[in-house]
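Chemist: Here's a sequence, model it:
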Amino acid sequence: MNVVSIRIITADVESLVKFYEQITGITAIQYTPDFAELKTSTATIAIGSTKTLQFFGGENIAQPAENRSAIIEFLVEDVDREFDRLRDFQSYQIVQEPTVMPWGNKSLLFRDPDGNLVNFFTPVSKEAVEKFNPK
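Modeler: This is a model prediction of the structure:
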């Protein structure tokens with residue numbers, strides 16, 4: 001089994017698509033006005049409007065901008081460089097500037113326009129580097 005995608009439900013697809021395009025440098029594939037995907041080499045960020053919930057059993061099964069438990073994580077080459085690049089980008093809110101975590105990743109934590117947590121991280125400890133770059 002493989003994780004293929006994470007889908008974010010939003011009331012403003014256009015804003016979220018623009019945000020994720022800007023932070024990742026990936027152009028979204030906009031299938032309909034209510035659904036888009038940003039594909040990386042390992043997984044996809046899917047963005048669906050609240051209208052798409054009707055296909056999954058009704059609009060009450062998910063609530064946009066209510067995430068309080070998940071973090072969308074991106075492995076980046078240099079988290080400090082990403083932080084410098086994003087400093088002037090006004091569509092997000094910094095939660096934590098680049099900080100080395102006890103498990104060996106240097107992490108930058110911020111929120112997207114819907115309040116979802118996003119983590120850009122770079123492995124810095126020997127163990128973390130080996131975990132993400134096995135030889």
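
Chemist: Verify the stated contact: residue 78 with residue 121.
Modeler: No: in this structure, residue 78 is not within contact of residue 121 by C-beta atoms under 8 Å, at 10.8 Å. Yep, even glycine has a C-beta here, placed from its N, CA and C like the rest.

Chemist: And the two? Which one has more around it.
Modeler: residue 121 (25 against 13; other C-beta atoms under 10 Å).

Chemist: which SS class is the more buried one?
Modeler: When classified by DSSP: H, G, I helix; E, B strand; the rest coil, residue 121 comes out as strand.

Chemist: is it true that it touches residue 77?
Modeler: No: using C-beta under 8 Å, residue 121 makes no contact with residue 77, being 10.8 Å away.

Chemist: Distance from the chain centre to the longest helix seen in the chain, please.
Modeler: Secondary structure of the chain read by DSSP state H shows that its longest helix is helix 13-24. Relative to its parent chain, helix 13-24 has a centroid offset of 10 Å by C-alpha atoms, centre = their mean, to the nearest Å.

Chemist: got a list of contacts for it?
Modeler: Taking contacts as C-beta atoms under 8 Å, 6 or more residues apart in numbering, the residues outside helix 13-24 that touch it are 8, 10, 26-28, 30, 33-36, 38, 40, 45, 47-49, 74, 86, 89, 91-92, 112-114, 118, 120.

Chemist: Now, of the residues you listed, which are buried?
Modeler: Neighbour counting by 16 or more other C-beta atoms under 10 Å classes 8, 10, 28, 35-36, 38, 45, 47-49, 74, 86, 112-114, 118, 120 among the contacts of helix 13-24 as buried.

Chemist: returning to what we had before: now, the contacts of helix 13-24 that are in strands?
Modeler: Those of these mapping onto strands are 8, 10, 30, 35-36, 38, 45, 47-49, 74, 118, 120, per DSSP state E.
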